[in-house]
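# Using only what follows, build the 3D model:
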Amino acid sequence: MRLASMACAMVLAACSLHATPGNSVNPSAGPSSEDGSAAESAGGTTEPSPSDTGRLTLPAPSETDSATPISYTVTVEVAADASGQLTIVVTNLGQQIVPELVLRWPTEVRDTVFLAPFQPSAQRIREGGDPLVQDWTKWVEGPGEHGEPAGTTSLGWGPLLVGGTLTIPVLATRVAAGPITFDLQILNGEAVLQSDGVPAWTQVTVP
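From the prediction side, this is the model:
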């Protein structure tokens, strides 16, 4: 009996060494439903990466602007295996100006479609040309000087006045065949804006 008891004790001790409880962490931030509504995020500052569904995801923003509600639409005008345009329309429903409206997406999107605020032209690349008039205010691949995360592209589009609407065309030049789905955030600087009480953080599919 004593030998049997000692053997049982040794088996239990071995089990306690190898059975360690683990935590289940969802690393994906951003929308989790088919309609693109934003889900709660655990935060973090990791670089964007493909989710289990192949979607290119974004890290959670460092701040949230809950005082400035907006409405927005995203229209994809890109045919399969062709170039085209995304059109983002944002309306300020709050009582405060948005100093700089920013769109953000994973930089890796450019491996399939290259998103840009303008069409390259001889006028833009020649030296000594006339001053260029442009609506966009910044185009940054992170990490940036103002907190833009690594692995992201941030496109600033100037101020959004109270009650104002910005219509933002973003050219999508096809680089590789096939569809792509990726996260898109709409921010006030580095603070994600709110639409209908949830972060303005949606997913976009280019066929």
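
# only C-alpha atoms for contact and neighbour calcs from this point on.
Noted.

# Quick one: mean pLDDT over the longest strand seen in the chain.
If you go by DSSP state E, the chain has its longest strand at strand 63-78. What strand 63-78 shows for mean pLDDT is 97.

# same thing with stretch 93-109?
For stretch 93-109, the mean confidence score works out to 97.

# Next SSE downstream of the helix or strand where residue 184 lies?
Counting by DSSP states H and E, the element that carries residue 184 is strand 180-188. Downstream of strand 180-188, the next assigned helix or strand under DSSP H and E is strand 191-195.

# ranges for the helices of this protein?
With DSSP state H as the criterion, the chain has helices at 2-18, 122-125.

# Can you name every helix or strand that the strand holding residue 184 contacts?
strand 101-106, strand 191-195, strand 201-206 (3 or more CA pairs under 8 Å, 6 or more residues apart in numbering; DSSP states H and E).

# so where's the chain shaky on pLDDT?
Within the chain, the stretches with pLDDT under 70 are 1-53, 120-133.

# what's the angle from the longest strand of the chain to strand 191-195?
70 degrees (axes from the mean of the first three to the mean of the last three CA atoms, to 10 degrees).

# Give the partner strands of strand 63-78 in its sheet and their orientations.
Strand 63-78 pairs in its sheet with strand 84-92 (antiparallel), strand 191-195 (parallel), by DSSP bridges.

# and the first one, which residues are buried?
Under the neighbour-count criterion of 16 or more other CA atoms under 10 Å, strand 84-92 has 84-86, 88, 90-92 buried.

# Is it possible to get TSV of these that adds distance to residue 59?
Output for these, formatted as TSV (distance: CA to CA, whole Å):
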residue	distance to residue 59
84	27
85	25
86	22
88	21
90	22
91	24
92	24
